[in-house]
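Participant: Sharing a sequence plus its predicted fold:
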Amino acid sequence: MSNPANPYKYPPRVKIPKPIPPTKSDQVRAIVDLTLSVMQKRLHKNGNVYLVDTETRKVFFIDEETIFNKITCLAFSRYGIVISNSAIETAKRILKAETDANPSKISIRVGIGQHSYFLDLADGTNFIQYSSDGAEQFLLNPQSKHLLDVDFLRPPNLSRIDARVRHNSGLPGALLSNPDEKEFPYLLSQKSPYLTYILGLTNIPETYYSTVITWMVCTLFPERDQTILEITGAENSGKSTAAWIIKSLIDPTDKTLNEAPNSSKELLSLAQNNYIIAIDNADDIPEPMQKQIYELLNNGINNQINHGNSGSNWTINLRNPVIGVSTSSMLSNPLLIKKGISIDLPTLDAETLNENLDQLFQETRYQALLELVNIAAGTLNKPRSPSLKINDVIYFDNFALTGAMVCKYFHANINSFTKTLSELRSESNENIIDESVVARSLLLWAAENPKYKEPKPLNDWQKYLFKNLPEEDRNDWPKSTRKFGAELKKIAPRLKKKGVFCQSLGKQGSNVFWEIRVSEIT
């Protein structure tokens, strides 16, 4: 362009000094500062350093390229600095080495950190914090400098709990048929009316409330071993509804109950995408799968979970509580039986079903959850003893010890709790062989067929054993093949001690085959 004042001459050239390129040290410092401004640095208990996006709460390994692609763009837009690959590698080493974050345990639903437990309400800012000091809603302001040293891995189907929902009709009344001021249901209704109301929406008998509350409290301590809650009953007894309400109160998802897993891979998938695994139609879970469920309850399972877009895997340990819904007891593995609580529901009349059950549950679940967490916090007020002795019976397991602390919280009778616990535990029924017509029939058959080893379909076993049944026992014989199989699973551990081996071989074609024989060691 020419000069208007002197159109025949061009303007003098202005020499602009070239910008000094940023040194590698400047690039590294920019990467570190920007990373820490948009990410929170964490140290996992296994020693791995990882980063959490402050906006999305997404977890990344510190080596993942996804993070540093974002940081490279920020460095150019804010400082005009172009980042080199060598500067990124140097910054990664600095971010790994200069970490003063405290190790934190991580789970999908319940987290531990800062000397407290945190229950994730799944909206990124609201949590319920509970410790020996009590329970309260904890609001994390995204704009504040306060850091919550617990990071939750949220599955895609986790539903948020709106803490602002309030019951429109005021405090619900306790649904008690025969309130007794000394009994647990009455004490529960006085101290936790919303939780009593939620349980009243199910068909669970009131005498089992202390056991169910104890199971739910145990789920709020993910570092402890868990117990399988088995809900049994005939058709139209509300089994699935009760399991759905208990699961959704603590671990709400947009899914209904899960079908029984067919492989270890499916079980791992359930563990990764749910905090509580609730299995419907659990009658036919094979023995190897039951053993894996026991490992899940007792020791947890190491899971490889992918984070970010780099394909890197991160190993976490999940100890999932489990609910099983079945027609009759599905527990046959001796180890799992010891970790099980089995509640049998009575048959429901059609008139007792509440058409507005889902709405009533949604309106009261936050208050009920807060009451449940208050109970859990109350159990932390006093140190737990390593064992509990009642009526010359010594209890060492976590479930019984937690139940004792729950009873103390309500000032309830511990003897009543342990009596109910003994009734519900399958391994406490020493007379199961004498009480089962199937067991008696099998023992007689084994005595007459000591060398029989050919597996048969389950319905063939049912018909074959029924033929030689005494007339007085025929009314007690299971009417369906499904109930017959459930009874076999229930009595199998006891029969093994008597020298009769019973094991499901799984589905072969259209039939489920069973192997029943006299044990060779007998």
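Facilitator: Thanks, I have it.
Participant: which SS state does Ile81 fall under?
Facilitator: Three-state call for Ile81 (DSSP: H, G, I helix; E, B strand; the rest coil): coil.
Participant: Can you give me the pLDDT of it?
Facilitator: For Ile81, the pLDDT comes out at 86.
Participant: Against Gln27, how distant is it?
Facilitator: According to C-beta to C-beta, to the nearest Å, Ile81 and Gln27 sit 6 Å apart. In this view, the C-beta of every residue, glycine as well, is placed from N, C-alpha and C.
Participant: Which one's more surrounded, the two?
Facilitator: Neighbour tally, Ile81 and Gln27, criterion other C-beta atoms under 10 Å: the higher count belongs to Gln27, 23 against 20.
Participant: What strand or helix carries the more buried one?
Facilitator: helix 24-38 (DSSP states H and E).
Participant: can you list residues touching both of Ile81 and Gln27?
Facilitator: Common neighbours of Ile81 and Gln27, using C-beta atoms under 8 Å, 6 or more residues apart in numbering, are Ala75.
Participant: related to what we said a few turns ago, and the helix holding Gln27, what does it pack onto?
Facilitator: Helices and strands touching helix 24-38, by 3 or more C-beta pairs under 8 Å, 6 or more residues apart in numbering; DSSP states H and E, are helix 65-79, helix 85-97.
Participant: And the contacts of the shortest one?
Facilitator: Residues outside helix 85-97 that contact it (C-beta under 8 Å, 6+ apart) are 24, 27-28, 31-32, 35, 41, 49, 51, 62-63, 68, 72.
Participant: and that helix, how far from the chain's centre?
Facilitator: Centroid separation for helix 85-97 versus its chain: 37 Å, with C-alpha atoms, centre = their mean, to the nearest Å.
Participant: With stretch 450-469 instead?
Facilitator: 39 Å.
Participant: before we move on, the earlier item: please dump the helices and strands packed on helix 24-38 into JSON lines; it should also carry distance to Asn449 and mean neighbour count for every row.
Facilitator: Formatted as JSON lines, these follow (distance: least, C-beta to C-beta, whole Å; neighbours: other C-beta atoms under 10 Å):
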{"stretch": "helix 65-79", "distance to Asn449": "65", "mean neighbour count": "17"}
{"stretch": "helix 85-97", "distance to Asn449": "67", "mean neighbour count": "15"}
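Participant: Please convert the ones you listed to TSV, extending it with distance to Ile394.
Facilitator: Below are the helices and strands packed on helix 24-38 laid out as TSV (distance: least, C-beta to C-beta, whole Å):
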stretch	distance to Ile394
helix 65-79	53
helix 85-97	48
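Participant: and Val110, which of these is closest to it?
Facilitator: Closest to Val110 of those is helix 65-79 (C-beta to C-beta; 26.9 Å).
Participant: The closest one - contacts with which helices or strands?
Facilitator: Counting contacts by 3+ C-beta pairs under 8 Å, 6+ apart, helix 65-79 is packed against helix 24-38, helix 85-97.
Participant: how far off helix 65-79 does the last one point, in degrees?
Facilitator: Which is helix 85-97. 110 degrees (axes from the mean of the first three to the mean of the last three C-alpha atoms, to 10 degrees).
Participant: Wasn't Gly403 part of a helix?
Facilitator: Yes. Under three-state DSSP, Gly403 falls within a helix.
Participant: That one contacts Thr211, doesn't it?
Facilitator: Yes. The criterion here is C-beta atoms under 8 Å, and Gly403 meets it with Thr211 at 7.2 Å.
Participant: which of those two has more neighbours?
Facilitator: Gly403 (27 against 24).
Participant: Let me see the contact set for the more buried one.
Facilitator: Counting by C-beta under 8 Å, 6+ apart, Gly403 has contacts 210-211, 214, 414, 417-418, 421.
Participant: Widest-spaced pair of these?
Facilitator: Thr211 and Ile414 (12.7 Å).
Participant: list residues touching both of Gly403 and Thr211?
Facilitator: 417, 421.
Participant: Thr232 - that's part of a strand, no?
Facilitator: Yes. Thr232 forms part of a strand when assessed by three-state DSSP.
Participant: Tell me how far it lies from Glu287.
Facilitator: 19 Å.
Participant: cool, Ile491 as well?
Facilitator: Look at Ile491 and Glu287: by C-beta to C-beta, they are 14 Å apart.
Participant: Who has more neighbours out of the two?
Facilitator: Ile491 (23 against 15).
Participant: average pLDDT for stretch 325-339?
Facilitator: On average, stretch 325-339 scores 78.
Participant: low-scoring stretches of the stretch 401-522 of the chain, by residue?
Facilitator: Counting by pLDDT under 70, the ranges of the stretch 401-522 of the chain that qualify are 426-432, 520-522.
Participant: tell me the contacts of Asn449?
Facilitator: Contacts of Asn449 by C-beta under 8 Å, 6+ apart are Val518.
Participant: Would you list the phi and psi of it?
Facilitator: Per-residue torsions, Asn449: phi -130, psi 60 (degrees, to the nearest 10).
Participant: The one 10 residues further on now?
Facilitator: Main-chain torsions, Asn459, degrees, to the nearest 10: phi -70, psi -30.
Participant: now it, nearest residue through space, not along the chain?
Facilitator: Thr481 (4.7 Å; C-beta to C-beta, 6 or more residues apart in numbering).
Participant: If I follow the layout properly, the one you found ends up in contact with Leu458?
Facilitator: Yes. Here Thr481 reaches Leu458: they are 5.6 Å apart, a contact under C-beta under 8 Å.
Participant: Can you name the next helix or strand after the longest helix along the chain?
Facilitator: Secondary structure assigned by DSSP state H gives helix 357-378 as the longest helix of the chain. Next along the chain after helix 357-378, taking DSSP H and E as the criterion, comes strand 388-390.
Participant: for the stretch 51-200 of the chain, what spans make up the strands?
Facilitator: 59-61, 103-104, 110-113, 116-120, 126-131, 134-139 (DSSP state E, counting those that start in this stretch).
Participant: Need the winner for burial among the ones you listed.
Facilitator: strand 116-120 (a mean of 24; mean count of other C-beta atoms under 10 Å).
Participant: who does that strand touch, helix- and strand-wise?
Facilitator: Looks like strand 116-120 contacts strand 110-113, strand 126-131, helix 357-378 (3+ C-beta pairs under 8 Å, 6+ apart).
Participant: packing partners for the longest one?
Facilitator: Helix 357-378 sits against strand 116-120, strand 126-131, strand 134-139, helix 193-200, helix 209-219, helix 239-250, helix 398-410, with contacts defined as 3+ C-beta pairs under 8 Å, 6+ apart.
Participant: Switch those over to CSV; also include distance to Pro383.
Facilitator: Formatted as CSV, those follow (distance: least, C-beta to C-beta, whole Å):
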stretch, distance to Pro383
strand 116-120, 17
strand 126-131, 14
strand 134-139, 17
helix 193-200, 25
helix 209-219, 16
helix 239-250, 25
helix 398-410, 10
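Participant: Can you give me the buried ones in the helix or strand encompassing Ala492?
Facilitator: Assigned by DSSP H and E, Ala492 belongs to helix 481-497. Using 16 or more other C-beta atoms under 10 Å as the test for burial, helix 481-497 gives 481-496.
Participant: Could you tell me the model confidence score at His167?
Facilitator: The model's pLDDT for His167 equals 46.
Participant: Could you find the closest non-adjacent residue to Leu121?
Facilitator: Ile161 (4.6 Å).
Participant: if I pick the one you found, what's in contact with it?
Facilitator: 121-122, 126, 252, 365-366, 369.
Participant: go again using 10 Å as the cut-off
Facilitator: Contacts of Ile161 were listed using C-beta atoms under 10 Å, 6 or more residues apart in numbering, and they are 119-123, 126, 128, 248-249, 252, 362, 365-366, 369-370.
Participant: again, but for Lys483
Facilitator: With C-beta under 10 Å, 6+ apart, Lys483 has these contacts: 234, 283, 327-328, 438, 462, 477.
Participant: one more time with 6 Å
Facilitator: For Lys483, the contacting residues are Thr327, by C-beta atoms under 6 Å, 6 or more residues apart in numbering.
Participant: Kindly report the same for Pro383.
Facilitator: Contacts of Pro383 by C-beta under 6 Å, 6+ apart: none found.
Participant: what's the answer for Cys502, then?
Facilitator: 488, 492, 495, 516.
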